[in-house]
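Q: Turn this into a structure:
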Amino acid sequence: MKVLHLISGGETGGSRKHVITLLEQFEPSEVTLAVFQEGSLAEEARAAGIRTELFAQKSRYDLSVLKRLANFIQAEQFDILHSHGPRANLFGIYLKKKTGIRWVTTVHSDPALDFVKGGVKGTIFTKLSMYAIRQMDHYFAVSDRFKQNLVSLGISAGKVQTVYNGIHFTEEPAESALLHVPDHAFVIAMVARLHPIKGHEIVFDALRQLEMKPHVLLIGDGPIEDELHAKAQDLREHVHFLGFRKDVANIYSASDVALLASYSESFPLALLEAANERIPLISTDVGGVGELITPGETGWIIPTGDAHALAAAIRGAMQADVKLMGEKLYEHASNNFSLDQLHKATKEVYVKIASR
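A: Below is the predicted model of the structure:
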């Protein structure tokens, strides 16, 4: 059985890590990664021994790549196309019709929100994305809540398999990164693209409500970086933009709490990575976080868009025994969100789809 994974290649967040860790679990002869651009994803995949093929586009609207991809699928005799992200999903429509290949997808985000604040183009691409998402043969949902989201779009529940994200859990936390914050400061790490859907502005609003402010590390890059810098000017002594980093584990290890303020997620890998470093979580009630966090024991779950609730959760964290909470979270996460279960569940779906 041969599976071609298709993704744009420009990802720097959870979907990038998901694809690499998933493909690492398979034999090299079973999986190939196809990207439309070079970047950290392709670089890390090759370093991990994953066969990675570049189908370069002159621009993201260059459709000439489709013919090359179709020829590649037929020449290599792939059994399954596994797409990740809206661009790969849109291209999958043509590839399935042209080659007849069986097509599955992992939905890493809400397709209705992928192009939020994209103007007229965003509206058009949202409609195309919503059409594409209904054309696959099978779907991977990374939480039960996200499965219900797909079903609400009219997709048959029988076509959707819940497969939890997984990471490699280590017996010891990573070495702590050197952070340029005052000694004994309470540190919150937020790993997220700088994108409207990630809720950074709510974080800023919450910090303004706190008398004793923690230091918040923002790890990630994205399209609204300049806008967020401007909006955090009055908080610049406590909000630190670190950009894209490869030492996320070390940053988590040096932090007290991990934060997610998103309006929508499937199942955030960033929170699993924080759990591996034994720090508790503050998260909005999105995706599958309720399957990871036990409120009051391993973290805090708050409503989306609620700066007051976030401020209260931060106050609670600053007064809590975060080390004990982090150890409890690690025990739960390492027992339930392993790479073994991710590989086994994915392989079972591949075998079922390929045998049809």
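
Q: Please list all residues in contact with Arg16.
A: Arg16 is in contact with Ser40, Leu41, Glu44, counting by Cβ atoms under 8 Å, 6 or more residues apart in numbering. (C-beta placed from N, C-alpha, C; glycine too.)

Q: can you name the farthest residue from the center of this protein?
A: Within the chain, Glu211 marks the point farthest from the mean C-alpha position, 32.4 Å out by Cα atoms, centre = their mean.

Q: pLDDT score for it?
A: Per-residue pLDDT puts Glu211 at 97.

Q: shaky segments in this structure?
A: Residue ranges of the chain with pLDDT under 70: 12-13, 109-118, 122.

Q: now the helices for it?
A: 14-24, 40-47, 65-76, 86-99, 119-132, 144-152, 200-208, 225-231, 248-253, 269-276, 307-319, 322-336, 339-354 (DSSP state H).

Q: nearest to Phe186, of the ones you listed?
A: Between Phe186 and those, the tightest spacing by Cβ to Cβ is seen for helix 307-319, at 5.2 Å.

Q: In terms of secondary structure, what does that closest one contact?
A: helix 200-208, strand 281-284, strand 299-302 (3 or more Cβ pairs under 8 Å, 6 or more residues apart in numbering; DSSP states H and E).

Q: Nearest spatial neighbour of Asp306, chain-adjacent residues omitted?
A: Of all residues not flanking Asp306 in the chain, Ile202 sits nearest, at 7.4 Å (Cβ to Cβ, 6 or more residues apart in numbering).

Q: List the contacts of the one you found.
A: Here Ile202 is in contact with Ala261, Gly305, Asp306, Ala307, Leu310 (Cβ under 8 Å, 6+ apart).

Q: so how far is His240 from Glu297?
A: Separation of Glu297 from His240 (Cβ to Cβ, to the nearest Å): 29 Å.

Q: Compare these two and say which one has the larger neighbour count.
A: Taking other Cβ atoms under 10 Å, Glu297 and His240 do not tie; His240 has more neighbours (18 against 12).

Q: Okay, and the beta partners of the nearest residue to the more buried one once chain neighbours are set aside?
A: Counting by Cβ to Cβ, 6+ apart, His240 lies nearest to Leu217, which is 5.2 Å off, once chain neighbours are set aside. Note on Leu217: beta-bridge partners by DSSP bridges are Ala189, His240.
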